[in-house]
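*Asks:* just need the structure, nothing else, for what follows:
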Amino acid sequence: MTIVEIIRLLARYFHFIAGTALLLAFLVFYSTKDGKKEYTTHTLLNTGLISGYSIESNSSGRVDYAKTNNELENLINLASAYETNKELSAKLMAHLLLAKKHKALRLLPDNQEDFEKTIANLQINITDEDSEISIYEKLVQLRESDQFNEVYLIANSKNEFFGIEQLENIIVSREGNSDMIRMQYTSLDPYLSQKTLELLTDIFMLKQKNIKEGQSDSVIDFFETAVDKSSGRLKKAEDDLLNFRVNNKIINYYEQTRFISGNKEELDKQYQDELKVLAGAKSALTKLEGEVSDKSILSTLQSQLAENRGIISKYSTELATLELVNDTVPNPEVIIQKSNLNSRIDSLKRKMSGIASELMFVNQTPEGVETKDLLTQWLNFTIMKEESAAKLAVMEARQEEYERIYDRFAPLGSTLKRLEREIDVAEREYLENLHSFNQARLHKYSMMMSSNIKVIDAPYYPIKPEKSKRMMMVILAFMVGVILPTSAIIAMEMMDSTLKKPETAIAQTGLKLAGILPREKKKLARKIDFEAVNRQALNLFIQELRASAKGEKRPKKVILFSTDSGEGKSFIRQELEKNFPFLSEGKNNEFDFEELGSIIQNPYTEEELANGDIHILVARANRKWTTADAHALKVYRKLAGKKPLLFLNAVSTEVMEQVVGEIPKKRSWLRSKVKQVLTQGFKTSGI
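*Replies:* Now for the predicted structure:
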């Protein structure tokens, strides 16, 4: 469709479009005549998710914007959640009911009457001792009792004071790219708007705090329980080790075993040395006894010294026992006891030497050694032998004691290692849980610091109401009233598949257009001279007939037929006879017009078609070309042996202008100017 066609189409339905637009505008204007004024306020909250500082903050750390955006989305969803609005509705109702009770209601006078109507059926008893909290609890209890009480019905409605659907109009959004949140609310009363945002801010901040603390507390409780359990296991393992040490008299196992091992090695070394001393003493005594010629002297000496030898052996045993004990701290009593024993041994040695001197007389051995010197040597080696034997006996007893200690300490080492390993595992588990517990507590306090929401702009009391949107709504309704019918008319016109245009008729029928006639309308008869238009259109039709029927034969037989009845064949023939009677009258008439009935509904013969020079298919422009019409035309062409011409009847005047030229009309001054401008514009652009 061209712009001109669209304009003509809209001009044809102008009254319908204008009427629809005016009707919608009037309906909106009338329905909003009692509209109340609206008051808007807002509050600005700083979340501190990006700019806030916490214990875990790092000056060189990068901001995780994905996490920050997610946190902000969570905060926005929390502020606009259904549960939040439900709590806000109850608290707002409790506040206004208490204010009414104390006659401190700050609503505008125009709104107080509506408020009274809202709470007229509210069955709640408010006493002088009640506070907002107690009234809130009563309202919640009443609301949750069933779904048919007044509180529940008011809350879950569009009530302009407390309705949750009304509170859902609160706008919660992020302030630009910052970490701030803006809350905006519009209601019918300035105080209602202000108080609603104040209560919402308190509810929102408390819910946010509880969520954060709840998340942290669950983690802290988990690690606190883990710390207690691991601490108990560690204490039990330590107690087991302590009892094991006490029961087995172990102070430091590794030092004790090293000390015992060292002492045993030293004892073994002393034992070997003492064996050498004993062996040397025995060897020397054997040699000396062989060199003494008077053996009776040795027997007498041995018998007299036997008692002293036994005492020396006793003292030597006691002295060896004291010397084998290694005290970390010197004991004065032991030192004195050792000194006394040495003194007694020396005294016995002198006594034995005196006894030996009385028995001995000067004599020489065969080698020239004096017998007295030999007996002195014999006495010394005898004493040495006795001392060495005594020491060896003590050392052997000590060695047996060390063997028993080894047998006792050997299995204690593995048990002690196992207990120490259990303590090490329990200690590491305890330290790890303790570290996680401290980290969880640190994260909790850090999160509380970083997510501590601050009010930047508190809700203010709006003095001026919002600009009325009534005129904008009226204009919008008028525009909708224009656009919708216009779109519908254009769409219907574009989807119209009737034979309304010559090009459409030619495309669908496959025939050449021979002529057209307009559809006469009474309301257009005053503006258009349809007789003149018909005469002009039929004149073109006659010229087309003359061009199609060349030859000397006269008159030319023209058969007018149609696929359906009521297409206007008789009307066309009457108009031809009326405006051009000479064509079919007289001796030299050019054409002889003949009509056929509907070729779909009425039978016809080949003889009826054989004498036809020109065949004209008459079709109404406001009808659709069907498959039956196409099939009937196909059969007709076979019988006629000629291709018919098309005559389009009942065409609109706008389409007529495309064929016969401009049709004179009586136009208003405005329409004449518009047509002139459009015509000049299309000529200039070459359209």
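*Asks:* give me the pLDDT for Glu165.
*Replies:* Here the pLDDT value assigned to Glu165 is 91.
*Asks:* dump the residue contacts of it.
*Replies:* For Glu165, the contact set (Cβ atoms under 8 Å, 6 or more residues apart in numbering) comprises Asn156, Ser157, Lys158. C-beta here means a position set from N, CA and C on the backbone, and glycine is covered the same way.
*Asks:* report the contact partners of His123.
*Replies:* No, residue 123 isn't His; it's Gln. Leu142, Asn149, Glu150.
*Asks:* okay, the contacts of Glu165 in CSV with secondary structure next?
*Replies:* Formatted as CSV, the contacts of Glu165 follow (DSSP: H, G, I helix; E, B strand; the rest coil):
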residue, secondary structure
Asn156, coil
Ser157, coil
Lys158, coil
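*Asks:* pull out the buried residues from those.
*Replies:* Using 16 or more other Cβ atoms under 10 Å as the burial test, those include no buried residue.
*Asks:* and those, which is closest to Ala507?
*Replies:* Nearest to Ala507 among those is Lys158, at 56.4 Å by Cβ to Cβ.
*Asks:* the closest one against Gln166, yeah?
*Replies:* Yes. Using Cβ atoms under 8 Å, Lys158 is in contact with Gln166, at 5.7 Å.
*Asks:* buried sites along stretch 209-216?
*Replies:* Lys212, Ser216.
*Asks:* now do the strands in the stretch 51-200 of the chain.
*Replies:* 171-174, 180-187 (DSSP state E, counting those that start in this stretch).
*Asks:* for Ala491, find the nearest of these.
*Replies:* Using Cβ to Cβ, the nearest of those to Ala491 is strand 171-174, at 37.1 Å.
*Asks:* okay, now the sheet partners of the closest one, with direction.
*Replies:* Note on strand 171-174: by DSSP bridges, its sheet partners are strand 180-187 (antiparallel).
*Asks:* following element in sequence after the helix or strand where Ile336 lies, please.
*Replies:* Assessed by DSSP states H and E, Ile336 sits inside helix 332-359. Counting by DSSP H and E, the element after helix 332-359 in chain order, helix or strand, is helix 371-450.
*Asks:* report the next helix or strand after that next one in sequence order.
*Replies:* strand 454-457.
*Asks:* quick check: mean pLDDT across that next one?
*Replies:* On average, strand 454-457 scores 89.
*Asks:* next, the contact list for Leu22, please.
*Replies:* Phe478, Gly481.
*Asks:* and the average pLDDT for the one helix or strand it maps to is what?
*Replies:* In this assignment (DSSP H and E), Leu22 forms part of helix 14-31. Helix 14-31 shows a mean pLDDT of 88.
*Asks:* for stretch 415-425, the distance to its chain's centre please.
*Replies:* 47 Å (Cα atoms, centre = their mean, to the nearest Å).
*Asks:* can you say which of the strands of the stretch 51-200 of the chain is packed in most?
*Replies:* Of all the strands of the stretch 51-200 of the chain, strand 180-187 has the most neighbours on average by mean count of other Cβ atoms under 10 Å, namely a mean of 21.
*Asks:* touching that strand from outside, list them.
*Replies:* By Cβ under 8 Å, 6+ apart, strand 180-187 touches 38-47, 72, 75-76, 79, 160, 166, 169-175, 193, 196-197, 200-201, 456, 466.
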